[in-house]
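*Asks:* Fold the following for me, if possible:
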Amino acid sequence: MKKEELINEAEKLRKQIAKLKASAAQHKSNAIQLARERDLVRTYVDFAGVIIVVINKDQTVTLINNVGARLLGYRKNEIIGKTWFDNFVPERTRGAVIDGFNKLLSGRIRTVEYFENPVLTKSGEEKLIAWHNTILKDKKGDIFATLSSGDDITERKQIFEDLKSNEERFRTIVENINVGIYRIGIYKNKGGPYGRLMQANDALAQMLGYDSVKALLVSNIAEHYHDQQERQRFIADIVRTGFVKDRELRLLAKNGASLWVAITGKAQYDEQGAIKWIDGIIEDVSDRKRMEEELRALSLIDELTGLYNRRGFLTLAGQQLRIAKRTKRQQLLLFADLDDLKRINDHLGHALGDQALRDTAQIFKATFRTSDILARMGGDEACRRPSVPVMLSPAAGSACRSASA
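*Replies:* Presented below is the predicted three-dimensional model:
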């Protein structure tokens, strides 16, 4: 071979070697870059706040991050290569989970599907995981694994269930309690704050004479106050202090009947400190009020005749005497006796004796004014004191002074 040809061949060889060196350097650079990217991905995976797991088509685990390993209670090397479903899924849900896995690999369900499935930890405890799943494909486009990210929602789910249970329990109490429960929205107009009923329970609807809560909510709640000034005072006190307890006032039922209630209200505020609404309860205290009136009347009224009894007479007569003394006016006291009452009781019976007293009382009531004080002092006596100024006789004046003592 000529010298010139040898030189050419040597140059070609040198160029090929140079290309090989350049290619090797590029491969090395690519490998370094790939290693960096791989390490970066692993860092991202390990520091992700959720579980990351890759499951091969043969159901074995090829990758799991630190979060997943810690949640399951294992080291990573104790999980990699293990069959996921046999080792980390509770037996009671295993069949359904494997069925979902197979559907995902076959493309029968879309990727990034949301599932809530439990996992089984090393200690035997179950954790509820919210999974998002996708598939991994090779260069040919064939599916070879699933990539799943999961969030531990065990505590969140328990809180939700507790809240749901408490809500149901609260709703049951609200619907069955025998006191009215309400929420009134507070709005403003030129005349000041006013309320609109937003929520109520069945007890309040029945209390006000409505067939349903819905019918009550569309009514004008202001029309149910016996005294509109009481309503304005109640709302104004809530706006001023934020809380009113057991305010007794009268409401009107749908049919116009009056009822006494004890109403409690507490203001609820928005972020700006303005009142959003008032929550509270309304208790029907009509029976208690009626009983109080009856007890008050029984303490001053004679049950048989309906006239004042001794206590009632002395109380009212004493008050009238103090007024008369202050105004320097005279009062008149009359004393009447029902003759032969003992004889009626002895010969005709106490029932007719009582009837005689009732009839006598009716005669007094029909004869004198309602402003006059009529009383049964006990036995068969009755006293009358007009509440108008009249000339007093000496005997009458002494009786009045005795009554006020």
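*Asks:* With adjacent residues omitted, what lies nearest to residue 242?
*Replies:* residue 267 (4.5 Å; CB to CB, 6 or more residues apart in numbering). Just so you know, the C-beta spots here come from the backbone N, C-alpha and C atoms, and that holds for glycine as well.
*Asks:* My error: substitute residue 247 in the last question.
*Replies:* Once chain neighbours are set aside, the closest to residue 247 by CB to CB, 6+ apart is residue 263, at 5.1 Å.
*Asks:* Show the contacting residues for the one you found.
*Replies:* Contact analysis of residue 263 by CB atoms under 8 Å, 6 or more residues apart in numbering lists 234, 244, 246-249, 280-283.
*Asks:* and which of these is nearest to residue 305?
*Replies:* residue 248 (31.8 Å; CB to CB).
*Asks:* follow-up on the earlier one: pretty sure the residue nearest to residue 242 is touching residue 237, no?
*Replies:* No - the pair residue 267 / residue 237 is not scored as a contact, 10.1 Å apart, by CB atoms under 8 Å.
*Asks:* what about those two, which has more around it?
*Replies:* Between residue 267 and residue 237, residue 267 has the larger neighbour count (other CB atoms under 10 Å), namely 19 against 14.
*Asks:* Show me where this protein dips below the pLDDT cut-off.
*Replies:* Counting by pLDDT under 70, the chain contains low-confidence ranges at 1-3, 5-49, 109-113, 170-176, 187-195, 295-298, 370-371, 378-405.
*Asks:* Tell me the secondary structure at the residue nearest to residue 80 when sequence neighbours are not counted.
*Replies:* Counting by CB to CB, 6+ apart, residue 80 lies nearest to residue 61, which is 5.6 Å off, once chain neighbours are set aside. The three-state label given to residue 61 by DSSP: H, G, I helix; E, B strand; the rest coil is strand.
*Asks:* From what I see, residue 61 and residue 82 are in contact.
*Replies:* Yes - with contact taken as CB under 8 Å, residue 61 and residue 82 are classed as touching, separated by 5.7 Å.
*Asks:* Comparing these two, which residue is more hemmed in?
*Replies:* With other CB under 10 Å as the criterion, residue 61 and residue 82 differ in neighbour count, and residue 61 comes out ahead with 20 against 15.
*Asks:* quick one on the thing from earlier: what is the nearest of the contacts of residue 263 to residue 212?
*Replies:* Checking the contacts of residue 263 against residue 212 with CB to CB, the nearest one is residue 282 at 17.3 Å.
*Asks:* Report the contact partners of that closest one.
*Replies:* Contacts for residue 282 were tallied using CB under 8 Å, 6+ apart; they are 179-182, 204, 207, 251, 261-264.
*Asks:* could you flag which of these are buried?
*Replies:* Among the contacts of residue 282, the ones that count as buried by 16 or more other CB atoms under 10 Å are 179-182, 204, 207, 251, 261-264.
*Asks:* what's the closest of those residues to residue 139?
*Replies:* When the buried ones among the contacts of residue 282 are compared for distance to residue 139 (CB to CB), residue 181 wins out at 66.4 Å.
*Asks:* Identify the bridge partners of residue 148.
*Replies:* For residue 148, the beta-bridge assignment (DSSP bridges) gives partners residue 53, residue 133.
*Asks:* how much space is there between it and residue 122?
*Replies:* As judged by CB to CB, to the nearest Å, residue 148 and residue 122 stand 19 Å apart.
*Asks:* hey, where'd the helices end up in this structure?
*Replies:* Counting by DSSP state H, the segments of the chain that form helices are 3-47, 66-72, 76-79, 84-88, 91-106, 154-176, 202-207, 213-217, 228-241, 286-300, 310-327, 341-348, 350-367, 394-404.
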